[in-house]
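Student: sequence below, structure please.
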Amino acid sequence: MLLAWGSSPTRLREDAATENDFVRSGYRDRLLTELAQNAADAAAKAGVAGRLAVWSVGSQLHVSNTGAPLDVAGVQALTALRASGKPGDATGHGSVGRFGVGFTATVSVSDEIEIRSTTGSIKFSLAATEERLADEGIDVAVRPPVLRLVWPTTAQPVAGADTEVVLTLRADVDAAALLAGMATEAVDLLLELTALQSIRIGDTEFVRKSRDLARGVEEISIGALCWWQYRTPHARWLAPVADGVIRPSSGDVLRAPTRSDEELSLPAIVIADVGMQPDRRRVLPEARLADIAVGYADFVAAVPISQRAALVPVPTFARGEVDTALREAIFRELRAHAWLPVVGEGSDRVVAPSRASVFPDLTAELAELLAEVIPALVLPELSGTSNARALAAVDVHRIGLARVAEASSGIDRPPAWWHRLYAALEPFVIDTIAVEELGALPVPLADGRLVTGPRTTVTADDLQSTGNDSPTTIPVHWARLVHPEAAHELLGRLGSSHVGATDLLSDGDLRARIEDSDDSDDSDDEAAELAAAVLTLAARVTDPERLPSWLGLLLLPDDGGELRSADELLLPDAPLRSVLVAHSPFGTVDTELVATYGAAALRAVGVGWGFTVVRDELPTGPDHDLDDEAQWWSGLAEDPETFTAVRDLDLVDDAKWATALTLLAGDAVVRPLLADPDSYVAWWLRRHASVDGAPLGALRHPDDSTFVGLLDPFEHVDADAMRAVLAGPDRLDLELVQTLIDRLAAPERSPSAGVVADTYRRLASVVAAGKLDIDAVALSDRVRVSTGALVDPANAFVLDKPWFAVAVTPDALVAGSIETATALARLLDLPLVSESVRGVVVGTGRASSWDREPTAVLACIGLGLPLPTGSIEVHEQLRVTLRGSVEATVDVPIWVADDGTVHLRQGVL
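Tutor: Residues are numbered from 1 along each chain as shown. Purely as a prediction, here's the structure:
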């Protein structure tokens with residue numbers, strides 16, 4: 001070397017520059033790394049567990065190691081700038097210091113370097129080199145290289161070590177800081193250099209321990225730190241672990257085997273066998289980075305199921321070309337190989353991510369149900385939102401509630417399975433979007449069908465029962481009734497309506513099915529099935545009055561086996577039978593139905609017990625097949641919102657009305673109809689029902705004395721319930737008016753004068769109000785006058801002026817109310833007395849006025865009447881001459897002349 005430098009100053013400058021470049025750039029911060037690599041090589045060569053120790057004494061830094069001692073080849077490598085004969089790979093197998101220049105890192109802190117070994121010791125010295133160059137007369141224009149000239153020494157390594165490097169630190173190097181920095185590198189070096197088992201920095205020792213886990217995973221621990229290591233053909237992978245859980249690396253560098261400057265964003269540390277540039281900081285351009293990823297999927301598959309997603313690189317910006325290449329290679333590896341655990345028999349079923357689907361936050365309950373419904377569904381352990389980005393990065397298909405609904409369509413499962421599915425899905429239905437996604441969720445029905453979409457179904461939880469009529473056997477074909485074993489509150493949130501037996505029996509589709517059954521070719525079995533369903537539901541109805549009357553069209557067998565509408569049948573012991581005409585159209589229901597479903601269920605659908613009530617919401621006209629319904633309807637001002645009536649009143653035997661009325665009054669549903677005088681029931685009974693030959697409309701309540709002497713009292717135990725059905729002063733329709741007219745003219749009747757006058761007044765008021773067609777009233781050949789006598793109408797007058805009452809004989813006057821006298825005259829076809837008789841006062845009296853007559857004033861005060869105004873004539877004897885239909889002169893107490901003059905007899909007031 002001295003000859004070369006002496007003959008070529010340029011060579012000296014080149015060697016000095018090269019060493020300086022290595023010190024200042026490639027190996028500026030790799031002192032411990034390079035020494036550790038040499039120690040690892042020595043340990044590997046000797047086949048022993050390598051131990052490295054670093055300590056300082058004064059200004060000297062000591063680095064000792066066990067393993068193969070220094071040999072000739074080693075000395076040659078140390079004095080060379082590039083060449084090295086050490087074989088091995090970057091994963092830590094064999095030698096790792098491959099370029100022979102790493103030892104230049106020592107020059108970064110020292111100019112005096114000694115290597116003590118059990119086979120001999122050497123030293124490198126800047127001072128000795130400069131002195132030798134001076135002795136040789138070689139001009140030194142630059143700082144000469146330190147590691148080109150070597151001198152032998154006799155020093156021995158520290159006890160227990162095979163080799164010891166002693167560095168005399170330059171004055172500007174802080175030994176304590178240097179040791180502290182090395183302590184931070186120790187853990188990484190133990191991971192990277194498998195030939196080293198321990199590193200001691202000062203008084204702190206770092207020891208690597210390992211133990212084998214399952215599936216080729218090795219647990220590496222250094223102090224409190226832990227990693228799971230897995231070896232692949234071209235790399236070692238180490239995943240940081242804490243408390244048994246992988247903690248993905250937040251960023252690292254490529255290690256080959258020691259740290260480079262190639263930044264990575266992978267979740268695990270990678271120590272790869274890859275070509276590196278001489279300074280070990282960058283990979284060679286031709287390096288096969290894709291080979292590093294080979295086997296990574298095996299690593300992921302080897303860790304516990306719950307940890308696997310942690311080893312998938314999350315989407316992020318790559319930190320360089322090497323990071324980009326490695327990430328892409330790893331993703332290809334992960335996408336192409338089976339490592340992702342999915343739901344299925346056993347716990348070790350894995351598929352490639354591209355074949356898998358993930359349901360976010362999948363629960364164990366839902367996973368169990370969907371195992372055979374959705375193929376390759378990622379296990380719940382990996383389905384959390386924390387793993388979503390990782391699974392998406394490897395192309396796992398994300399599914400939602402809509403896919404679950406679609407996948408479960410058409411599958412054959414028992415109702416209880418569907419209930420479990422709804423329960424498992426319920427926690428995921430948190431908003432309207434989720435509700436929409438489950439819009440096509442299949443629902444099993446009570447009749448065995450499976451339909452799509454909860455919105456079209458109904459649930460009924462009051463149908464639970466045991467025995468032969470359990471809900472599973474109720475063939476509710478007309479409504480999409482959810483099977484009771486499948487019913488769940490989730491269905492209600494998804495649009496299913498909650499109904500009871502009453503709602504099901506009020507369904508329009510049931511009405512159509514019942515109405516069509518008469519015209520259809522359905523078999524007796526189909527009719528029996530429909531009847532069984534309806535009667536089973538009817539047995540659970542708590543308020544039969546709410547059921548629609550069209551249920552009476554349901555076909556049921558009679559006691560002869562013939563199918564008839566329910567409302568054409570009576571129960572065997574129905575009280576109604578006792579009041580009907582002998583040949584009524586009613587049959588008797590099959591007694592087996594009574595025994596099976598009970599009388600209450602049969603009555604609820606229209607089988608007769610008492611009278612049947614017809615109910616129609618928003619009726620459109622008199623189309624209910626009731627007697628005289630059209631006539632009653634024509635008298636309405638407007639159509640009723642609800643029409644309620646009693647059927648078959650026209651079938652009652654006339655001789656049985658007293659009993660029939662008792663039945664009506666005892667029916668809680670009918671009784672309110674009897675209390676409404678305008679109802680069809682009350683209207684019909686007034687006209688057609690009779691007791692002892694007397695129509696109810698011509699009978700009065702015993703407590704009502706308005707028409708005493710004219711109308712007979714209704715003597716019945718339920719008279720109070722029938723009050724609105726009977727005749728009354730506020731129900732003066734044509735029929736009652738005619739009855740009263742007839743009774744007023746009947747000689748066998750003897751009403752009091754007051755009843756006669758009040759009756760005439762009421763009749764006249766109806767006429768005056770325009771509520772009566774007088775042409776429809778038939779008059780008698782006799783008319784009852786104020787005295788109660790019956791006279792020829794030709795000899796009777798209607799009293800319309802009060803003073804005629806004291807002038808004309810009462811046997812000729814028909815009196816009601818002065819105000820409605822004209823209307824009464826029209827009704828009875830009689831003249832007004834003031835138009836038939838004229839009175840003239842005989843003589844003249846004393847002119848006066850009301851306020852001048854003390855007796856008049858006192859009389860008004862006593863009677864509580866206002867004092868009239870105007871003039872009067874007072875007569876000692878007041879006589880009036882009558883002319884016209886009555887010819888006579890009579891004494892009267894008062895008279896009002898045609899000109900309005902009031903004439904009074906003296907002493908009248």
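Student: ranges for the strands of the stretch 201-350 of the chain?
Tutor: Ranges of strands in the stretch 201-350 of the chain, per DSSP state E, counting those that start in this stretch, are 204-212, 218-222, 225-232, 235-242, 245-246, 252-255, 259-264, 269-272, 340-341, 350-351.
Student: what's the spacing between residue 164 and residue 181?
Tutor: For residue 164, the distance to residue 181 equals 20 Å [CB to CB, to the nearest Å]. To be clear about C-beta, it is placed using only N, CA and C from the backbone, and glycine gets the same treatment.
Student: could the strands of the stretch 201-350 of the chain go into CSV alongside distance to residue 309, mean pLDDT and mean neighbour count?
Tutor: Formatted as CSV, these follow (distance: least, CB to CB, whole Å; pLDDT from 0 to 100; neighbours: other CB atoms under 10 Å):
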stretch, distance to residue 309, mean pLDDT, mean neighbour count
strand 204-212, 24, 96, 14
strand 218-222, 20, 97, 16
strand 225-232, 15, 97, 21
strand 235-242, 12, 97, 22
strand 245-246, 9, 95, 16
strand 252-255, 19, 94, 24
strand 259-264, 19, 93, 20
strand 269-272, 18, 96, 25
strand 340-341, 9, 95, 26
strand 350-351, 13, 94, 20
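Student: turn these into a markdown table, including distance to residue 70.
Tutor: Output for the strands of the stretch 201-350 of the chain, formatted as a markdown table (distance: least, CB to CB, whole Å):
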| stretch | distance to residue 70 |
| --- | --- |
| strand 204-212 | 24 |
| strand 218-222 | 28 |
| strand 225-232 | 31 |
| strand 235-242 | 29 |
| strand 245-246 | 42 |
| strand 252-255 | 27 |
| strand 259-264 | 26 |
| strand 269-272 | 27 |
| strand 340-341 | 52 |
| strand 350-351 | 51 |
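Student: between the ones you listed, which gets nearest to residue 360?
Tutor: Closest approach to residue 360 among those (CB to CB): strand 340-341, 15.3 Å.
Student: so what strands line up beside that closest one?
Tutor: Using DSSP bridges, the strands paired with strand 340-341 are strand 350-351 (antiparallel).
Student: what sits up against the strand it pairs with?
Tutor: 301, 338-342, 376 (CB atoms under 8 Å, 6 or more residues apart in numbering).
Student: for ChimeraX, write a command that selects the buried ones of these.
Tutor: To isolate the buried members of these in ChimeraX, using 16 or more other CB atoms under 10 Å:
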select :301,339,340,341,342,376
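Student: out of the contacts of strand 350-351, which is nearest to residue 631?
Tutor: Using CB to CB, the contacts of strand 350-351 come closest to residue 631 at residue 376, 76.1 Å.
Student: phi, psi for that closest one please.
Tutor: phi 50, psi 50 (degrees, to the nearest 10).
Student: that one contacts residue 354, doesn't it?
Tutor: No - contact criterion CB atoms under 8 Å: residue 376 and residue 354 do not qualify, at 9.7 Å.
Student: where's residue 123, which helix or strand?
Tutor: If you go by DSSP states H and E, residue 123 is part of strand 121-125.
Student: next one: residue 419
Tutor: If you go by DSSP H and E, residue 419 is part of helix 415-425.
Student: other SSEs contacting the helix or strand just after that helix?
Tutor: Reading on from helix 415-425 to the C-terminus, the next helix or strand found by DSSP H and E is helix 432-437. For helix 432-437, the packing partners by 3 or more CB pairs under 8 Å, 6 or more residues apart in numbering; DSSP states H and E come out as helix 401-407.
Student: list the contacts of the helix it packs on.
Tutor: Here helix 401-407 makes contact (CB under 8 Å, 6+ apart) with 357, 359, 370, 373-374, 425, 428-429, 434, 437-442.
Student: need the CA coordinates for that helix. CSV is fine.
Tutor: Output of helix 401-407 as CSV, limited to C-alpha atoms (Å, rounded to 0.1, in the frame of the first residue of the first chain):
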residue,chain,number,x,y,z
LEU,A,401,-79.2,-5.2,4.9
ALA,A,402,-80.6,-5.2,1.4
ARG,A,403,-78.3,-8.0,0.4
VAL,A,404,-79.4,-10.0,3.4
ALA,A,405,-83.0,-9.6,2.4
GLU,A,406,-82.2,-10.6,-1.1
ALA,A,407,-80.1,-13.6,-0.2
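Student: export the worst-scoring helix or strand of the chain on mean pLDDT as PDB, just CAs?
Tutor: Least confident helix or strand, the chain: helix 2-7 with a mean of 75, by mean pLDDT, DSSP states H and E. Provided in PDB are the C-alpha atoms of helix 2-7 (Å, rounded to 0.1, in the frame of the first residue of the first chain):
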ATOM      1  CA  LEU A   2       2.900   2.400   0.800                       C
ATOM      2  CA  LEU A   3       4.400   1.600  -2.600                       C
ATOM      3  CA  ALA A   4       1.100   2.400  -4.200                       C
ATOM      4  CA  TRP A   5       0.800   5.700  -2.400                       C
ATOM      5  CA  GLY A   6       4.400   6.600  -2.900                       C
ATOM      6  CA  SER A   7       4.200   5.900  -6.700                       C
END
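Student: pull out the buried residues from that helix.
Tutor: Going by neighbour count (16+ other CB under 10 Å), the buried part of helix 2-7 is residue 5.
Student: would you mark the buried spots in the helix or strand following that helix?
Tutor: As assigned by DSSP H and E, the chain's next helix or strand after helix 2-7 is helix 9-21. For helix 9-21, the neighbour count (16+ other CB under 10 Å) marks 12-13, 15-16, 18-20 as buried.
Student: distance between helix 9-21 and the chain's centre?
Tutor: Chain-centre distance of helix 9-21: 82 Å, with CA atoms, centre = their mean, to the nearest Å.
Student: what helices or strands is that helix leaning on?
Tutor: Packing partners of helix 9-21 (3+ CB pairs under 8 Å, 6+ apart): helix 2-7.
Student: show me the contact partners of the helix it packs on.
Tutor: Helix 2-7 has contacts (CB under 8 Å, 6+ apart) with 11-12, 15, 132-133, 136-138, 149.
Student: what about residue 747, how many residues nearby?
Tutor: When neighbours are counted by other CB atoms under 10 Å, residue 747 registers 9.
Student: contacts only, for the closest residue to residue 673 other than its chain neighbours.
Tutor: Nearest residue to residue 673 in three dimensions, chain neighbours excluded: residue 681, at 4.2 Å (CB to CB, 6 or more residues apart in numbering). Neighbouring residues of residue 681 by CB under 8 Å, 6+ apart: 645-646, 649, 664, 670, 673-674, 725.
Student: equivalent analysis for residue 833, please.
Tutor: Residues in contact with residue 833 (CB under 8 Å, 6+ apart) are 797-801, 804, 808, 812-813.
Student: of those residues, buried ones?
Tutor: Neighbour-count burial within the contacts of residue 833 applies to 797-801, 804, 808, 812-813; the criterion is 16+ other CB under 10 Å.
Student: now intersect the residues you listed with the strands, please.
Tutor: Of the buried ones among the contacts of residue 833, the ones assigned to strands by DSSP state E are 797-798, 813.
Student: name the nearest of those residues relative to residue 271.
Tutor: Closest approach between those and residue 271, by CB to CB: residue 798, at 130.5 Å.
Student: which residue is the nearest non-sequential neighbour of the closest one?
Tutor: Leaving aside its chain neighbours, residue 798 sits nearest to residue 825 (4.2 Å; criterion: CB to CB, 6+ apart).
Student: residue 582 and residue 730, how far apart?
Tutor: Counting by CB to CB - residue 582 and residue 730 are separated by 38 Å.
Student: when these two are compared, which one has more neighbours?
Tutor: residue 730 (8 against 5).
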